[in-house]
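Chemist: sequence plus the predicted model coming up.
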There are 2 protein chains.
Amino acid sequence: MIRAAAGRLEGHARRTPLLSSPFLDEIAGRRVLVKPECLQHTGSFKYRGGRAAVSALEPALRAKGVIAFSSGNHAQGVALAAREFGVPAVIVMPAGAPRLKIENTRALGAEVVLYDRAGGESREEIGAALTRERGLTLIKPYDEPEVIAGQGTCGLEIAAQARDAGVERGDVLVCCGGGGLTSGIALALEAEAPGLRARPCEPEGFDDTARSLAAGRILANAQGAGGICDAIVTPQPGEITFGIMSRLCGPGLVVSEDEVLAAMALAFQRLKLVAEPGGAVALAAALFHPGEIAGDAVICTISGGNVDAAMFIRALQTATD
Amino acid sequence: MIRAAAGRLEGHARRTPLLSSPFLDEIAGRRVLVKPECLQHTGSFKYRGGRAAVSALEPALRAKGVIAFSSGNHAQGVALAAREFGVPAVIVMPAGAPRLKIENTRALGAEVVLYDRAGGESREEIGAALTRERGLTLIKPYDEPEVIAGQGTCGLEIAAQARDAGVERGDVLVCCGGGGLTSGIALALEAEAPGLRARPCEPEGFDDTARSLAAGRILANAQGAGGICDAIVTPQPGEITFGIMSRLCGPGLVVSEDEVLAAMALAFQRLKLVAEPGGAVALAAALFHPGEIAGDAVICTISGGNVDAAMFIRALQTATD
C-alpha cells in the first residue's frame, strides 16, 4: 500500500531532502540527518496522507467531497488534495486553533466549520450531520490505512536517502501524535531498510505513545490538549497505529518544551529551516537525549513548520537568552 | 568549466530543490519558483564557488593553504572546502562582521584575521603579507573564473529543474553582490536553458550592477558598505562578472529594505525557509515588482540564510505590524 501510495503521489508530493550540519553533529555527539517535512506542500507531512487517501477514493464517491477533523496540518493536507482533484472539502476545526492554520485552510479552498471545544460542542456530532447531509467521506487523521500508507512514503524516501548517506543501521526519530507518520515510516523501514528502527518522540505531558509502548496497551494522556506542540497532541495512539508501532518501533523518547524551543532555534540557525514546536520534537530528542539513542548516526523528522511568528520569536529569544 | 565544476562538486554540494507556494504565486500574480541556496552547506551558495576553486588548485599548491577576504558567506564556503581537503584556510574579515559569521568561520577550522575597516587598515596589505609569508593562494569572492564556474552549477540545476516544472521561458532573478552567482547562472542558462534569462537583484543604495548594466560600463556605489543586506553589498561589479552579465543578463531590479524584510517574513511563513536580508532580495523583486517582470512564471534564488536572530525577529515583526 505504501508503494502504491508513492506511485499516486509521484509528481505531487515533494521528495524532501535529507539535511545535516556539522554543528548539530557536534551537539548530538553523532551524525544527525534531518528529514525536513516542513518543506512539504502545506508545510507538513500531512499532505502525503491527505493526497494518498483522497486519491484512493472511488471517483464517484470522491466527487461528493471529503471531510476532516483537524486543528491544522491534516486540514491543510486534505484541503489541498481535495482542491487538486476539484472536489469539496469540509474541515471541522476547534475555534482556538492557530489563526494561520485556519486562514491557510480556507485559502486552500476548504469550507471551515469551527466548533467550541470548551463549550462542549462535539465535533463528531457536527461531522456526522454534515456527512449524512452531503455524502462526504471522512478522512481520518491517522487511524486509517490509506493515510498511514501516504505518510509511509516519507519512510521510503528516508530508506533510500539513508542508504545514499551510508547509514544502514540506527534510530529514526519521528514526531508522534496519533502515530500515522511513525507507523507509516516504521512499515516502510521494515521493508526497505531493516537496520533502521522508527522511534516515536513526544513532548512531556503528552507521552501517551511512549507509555503505551512501554505498557503494551493503549494508554491515554491525562489531558487531551494543551502545551506548545499542538500539532502532535492527541488523546491516545490509534488502534491501527498502535498495533504497528508496538510490533516495529523502539521505545518512545520524551522531551521538554524548553528542549523543543532550543531545537527550533538550532533548526533556524544551522539548517535555515522553520520548524513548528510539534515538528521539532524529534530533533530535540536527537540533540538533547543522546544517551537514549544508539549508533553513530541518527535520523530525525522535522514534521512541520506551520508556526505563528510570535511562537517562533519566543523560540529564538528563549534560546539566545 | 561549469560542467567540470559540477563534476568536482558531485557528492559534496547539495542539489537544492525548487520550491513554491500557491500563496506566493497569488502575491506575485504568476508562478514563483524558489531556489533555496540557504539550504546549501554553510547556509549559502558560496560553498559551491569555494569548493570549485579549492578543488581546482594543483595539489602541491593547495597543500600550502588558501586565503580569502570576506565578511562572511564566502569565508564559510572557502573554510569548509579547505577543511574537506585538509588544508589551512586564513580568512581576513572586518571586525564588524556579524558575530555568527565570524564564529561559524572559526568553527569550520579557519584562522580568522580581523581588521579594522574604520581604522584605515587595508585588508589587501594584511592579505598580501600573509600570502607572501606562507605561500597561500587567494580565493577571490567573485571575479575569479573557477568561483564563477562553481556558482554556475546552481544555474545547471535551475535549468534542469525549470524544465521539469514546465518552465521554458522567463526571468531568473538572482541576488547580486559582485556578480559571481548572477554571471555563473547566466552562463549555465545560456547553454542549458536559452529561454531563461538571469537578472541581477540589488537593494536600494547598492544598485551598482543595475546602473552599470544600464550605462554599459562599470559604475560604483556611493558607499561601499552599509544597510541590512551585508552579504551582497560590494563596491562595484567585477571586471569578469560585468562582462558576462552585460552580454547575457536582463536589466537589474532594485528593491527597498522594507520589501526585503517582507520577503523574509513570507519565506518564513510560506516556504518555511530562513533567508538572510541579502538572500531575500530576489524574492522581494519577484513578489513586489511584478510589473518589471515578463512571463507566466519567475524563478528566484534565496542565496543565503546566515542571519542573526535579532535581524530575523525584526523582519517578522516588521511584516506583521
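Modeler: Alright, I've got the coordinates. Numbers count the residues shown, from 1 in each chain, chains lettered A, B, ... in the order given.

Chemist: after the top helix by length along chain A, next one along is what?
Modeler: In chain A, with assignment by DSSP state H, the single longest helix is helix A:145-164. From helix A:145-164 onward toward the C-terminus, using DSSP states H and E, the following helix or strand is strand A:170-175.

Chemist: got the angle for the following helix or strand past that following strand vs strand A:170-175?
Modeler: Downstream of strand A:170-175, the next assigned helix or strand under DSSP H and E is helix A:180-192. On the basis of axes from the mean of the first three to the mean of the last three C-alpha atoms, to 10 degrees, helix A:180-192 is oriented at 160 degrees to strand A:170-175.

Chemist: how about the residues of chain A near chain B?
Modeler: A:14, A:16-17, A:19, A:22-23, A:36, A:38-39, A:43, A:100, A:104, A:107-108, A:265, A:268-269, A:271-275, A:305, A:309, A:312-313, A:316-317, A:319-320 (C-beta under 8 Å from any C-beta of the partner chain). Heads up, the C-betas are built off the backbone N, CA and C, glycines and all.

Chemist: among those residues, which ones are in strands?
Modeler: The strands, defined by DSSP state E, take in A:Pro36 from these.

Chemist: buried subset of the residues of chain A next to chain B as a PyMOL selection?
Modeler: Of the residues of chain A next to chain B, the buried ones go into a single PyMOL selection, burial set by 16 or more other C-beta atoms under 10 Å in any protein chain shown:
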select buried, chain A and resi 14+16+17+19+22+23+36+38+39+43+100+104+108+265+268+269+271+272+273+274+275+305+309+312+313+316+319
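
Chemist: all helices of the stretch 151-300 of chain A, in order?
Modeler: Counting by DSSP state H, counting those that start in this stretch, the segments of the stretch 151-300 of chain A that form helices are A:180-192, A:208-215, A:239-248, A:257-266, A:281-288.

Chemist: pretty sure A:Asn104 contacts A:Gly77?
Modeler: No: at 10.9 Å, A:Asn104 does not count as touching A:Gly77 under the criterion of C-beta atoms under 8 Å.

Chemist: who are the neighbours in contact with whichever residue of the stretch 151-300 of chain A sits closest to chain B?
Modeler: In the stretch 151-300 of chain A, the residue found nearest to chain B is A:Lys272; the distance is 3.4 Å by C-beta to the nearest C-beta. Listed by C-beta atoms under 8 Å, 6 or more residues apart in numbering or on different chains, the contact set of A:Lys272 reads B:Pro36, B:Cys38, B:Leu39, B:Gly43, B:Leu273, B:Val274, B:Ala275, B:Gly305.

Chemist: need the nearest residue in space to it, chain neighbours excluded.
Modeler: Leaving aside its chain neighbours, A:Lys272 sits nearest to B:Gly305 (3.4 Å; criterion: C-beta to C-beta, 6 or more residues apart in numbering or on different chains).

Chemist: run through the residues that contact A:Leu80.
Modeler: Contacts of A:Leu80 (C-beta under 8 Å, 6+ apart): A:His41, A:Thr42, A:Tyr47, A:Gly50, A:Arg51, A:Leu108.

Chemist: can you name the residue of the stretch 1-150 of chain A nearest chain B?
Modeler: A:Cys38 (4.1 Å).

Chemist: any idea how far that residue is from A:Ser44?
Modeler: 7 Å (C-beta to C-beta, to the nearest Å).

Chemist: mutual contacts of the two, please.
Modeler: A:Glu276, A:Gly279, A:Ser303, A:Gly304, A:Gly305.

Chemist: need those in JSON lines (columns: pLDDT).
Modeler: Shown next, in JSON lines, are those (pLDDT from 0 to 100):
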{"residue": "A:Glu276", "pLDDT": "96"}
{"residue": "A:Gly279", "pLDDT": "97"}
{"residue": "A:Ser303", "pLDDT": "98"}
{"residue": "A:Gly304", "pLDDT": "97"}
{"residue": "A:Gly305", "pLDDT": "96"}
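
Chemist: pick the most buried one from the helices of the stretch 151-300 of chain A.
Modeler: Among the helices of the stretch 151-300 of chain A, ranked by average contacts under mean count of other C-beta atoms under 10 Å in any protein chain shown, first place goes to helix A:281-288 (a mean of 29).

Chemist: need the contact partners of it.
Modeler: Residues contacting helix A:281-288 (C-beta under 8 Å, 6+ apart): A:24, A:27-28, A:32, A:34, A:173-176, A:201-203, A:229, A:232, A:253, A:255, A:259-260, A:262-263, A:266-267, A:275, A:292-293, A:298, A:300-303.

Chemist: now do it, average pLDDT.
Modeler: Per-residue pLDDT over helix A:281-288 has a mean of 98.

Chemist: grab the nearest non-local neighbour of A:Gly29.
Modeler: A:Pro290 (5.0 Å).

Chemist: now the shared contacts of A:Cys38 and A:Ser44: which count as buried?
Modeler: The buried subset of the shared contacts of A:Cys38 and A:Ser44 - by 16+ other C-beta under 10 Å - is A:Glu276, A:Gly279, A:Ser303, A:Gly304, A:Gly305.

Chemist: among the residues you listed, which one lies nearest to A:Glu133?
Modeler: Of all these, A:Gly304 has the smallest distance to A:Glu133: 31.7 Å, by C-beta to C-beta.

Chemist: just to revisit the earlier point, pretty sure the residue nearest to A:Lys272 contacts B:Leu273?
Modeler: Yes: with contact defined as C-beta under 8 Å, B:Gly305 and B:Leu273 form a contacting pair (7.0 Å).

Chemist: what sits in contact with each of those two?
Modeler: A:Lys272, B:Cys38, B:Leu39.

Chemist: what sits against the second one?
Modeler: Right, the one you point to is B:Cys38. Residues in contact with B:Cys38 (C-beta under 8 Å, 6+ apart) are A:Lys272, B:Ser44, B:Leu273, B:Val274, B:Ala275, B:Glu276, B:Gly279, B:Ile302, B:Ser303, B:Gly304, B:Gly305.

Chemist: just the last one next, same as before
Modeler: In this structure, B:Leu39 makes contact with A:Pro17, A:Leu19, A:Leu271, A:Lys272, A:Leu273, B:Arg14, B:Thr16, B:Pro17, B:Leu273, B:Gly305, judged by C-beta under 8 Å, 6+ apart.

Chemist: shouldn't the fifth one be in contact with A:Pro36?
Modeler: Okay, so that is A:Leu273. Yes: between A:Leu273 and A:Pro36 a contact is recorded at 5.3 Å, counting by C-beta under 8 Å.

Chemist: low-confidence ranges in chain A?
Modeler: A:224, A:320-321 (pLDDT under 70).

Chemist: got the domain ranges for chain A?
Modeler: The record's domain parsing of chain A by automatic domain parsing lists A:2-45+A:144-320, A:46-138.

Chemist: can you say which of those is packed in most?
Modeler: When the domains of chain A are compared using mean count of other C-beta under 10 Å, domain A:2-45+A:144-320 is most buried, at a mean of 22.

Chemist: quick one: distance of it to the chain centre.
Modeler: Averaging C-alpha positions (C-alpha atoms, centre = their mean, to the nearest Å) puts domain A:2-45+A:144-320 7 Å from its chain's average.

Chemist: look up phi and psi at A:Met141.
Modeler: Wrong residue type there; residue A:141 is Pro, not Met. Dihedral pair for A:Pro141: phi -70, psi -30, per degrees, to the nearest 10.

Chemist: ok, it - how many residues close by?
Modeler: Residues lying near A:Pro141 (other C-beta atoms under 10 Å in any protein chain shown) number 24.

Chemist: doesn't A:Gln76 make contact with it?
Modeler: No: counting by C-beta under 8 Å, A:Pro141 does not reach A:Gln76; the two are 11.7 Å apart.

Chemist: tell me, what's touching those two both at once?
Modeler: In contact with both A:Pro141 and A:Gln76: A:Lys46, using C-beta under 8 Å, 6+ apart.

Chemist: mutual contacts of A:Asn104 and A:Gly77, please.
Modeler: Common neighbours of A:Asn104 and A:Gly77 (C-beta under 8 Å, 6+ apart) are A:Thr42.
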